[in-house]
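Undergrad: Dropping a prediction and its sequence here:
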Amino acid sequence: MAFLSSINIIGSGMTAQQLRLDIVSENITNSTTTRVENGEGPYRRKMVVFQAETGRDDFRAAMARASEGLAPNRGYTTAGGVRVTQIVEDPSPLKVVYDPTHPDADEQGYVEMPNVDTVKEITDAMAASQAFAANVTAFNTLKTVISKGLEIGR
């Protein structure tokens, strides 16, 4: 039933990349928000932090077990994959724009704008889309392998 573990790994990657795309979308949407709901100033860019869940031996431990004639990942209950550990705010400085007519301008006429860079966000969205597509390709390949394996028994 190793293919079920593979499906879980692929699914975790797709879920993580979908959340990453959601955060990119939120960042772009709020790229001009100068006042957040709780009144703490302008919107700050958010980033997703991933963590690998191997659920298996690392390469060195797997090779050591294999050299002893043991099966490398025997007895592990988790399939592995990726998970989102947190969504953090980008600590980079906010942009300052001169606009004395803006309602959030200070006494000198400067407004603090979000630290969202549209080019960075589009690049991040493209990377997340490519990673999502790679997971879809892996899933389709696994589906084909399973289907061909089932045809052997006919």
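TA: Thanks, I have the structure now. Numbering: from 1, shown residues only.
Undergrad: Can you tell me, leaving aside adjacent residues, what's nearest to residue 12?
TA: Excluding the flanking residues, the one nearest residue 12 by C-beta to C-beta, 6 or more residues apart in numbering is residue 81, at 3.2 Å. Using the backbone N, CA and C atoms, a C-beta is placed for each residue, glycine as well.
Undergrad: tell me the contacts of residue 33?
TA: Residues counted as contacts of residue 33 (C-beta atoms under 8 Å, 6 or more residues apart in numbering) are 42, 43, 114.
Undergrad: Looking at those, state which has the most neighbours.
TA: Neighbour tally across these (other C-beta atoms under 10 Å): the maximum, 23 neighbours, falls on residue 43.
Undergrad: Assess the claim that that residue and residue 28 are in contact.
TA: No. Using C-beta atoms under 8 Å, residue 43 makes no contact with residue 28, being 10.9 Å away.
Undergrad: For those two, list the residues in contact with both.
TA: residue 116.
Undergrad: Quick check: longest helix in the protein by residues?
TA: Assignment by DSSP state H gives helix 118-152 as the longest helix of the chain.
Undergrad: Could I get the buried residue list for that helix?
TA: By neighbour count on 16 or more other C-beta atoms under 10 Å, the buried set for helix 118-152 is 120, 121, 124, 125, 128, 131, 132, 135, 138, 139.
Undergrad: And stretch 94-106, by the same measure?
TA: For stretch 94-106, the buried set under the neighbour-count rule, 16+ other C-beta under 10 Å, comprises 94, 105.
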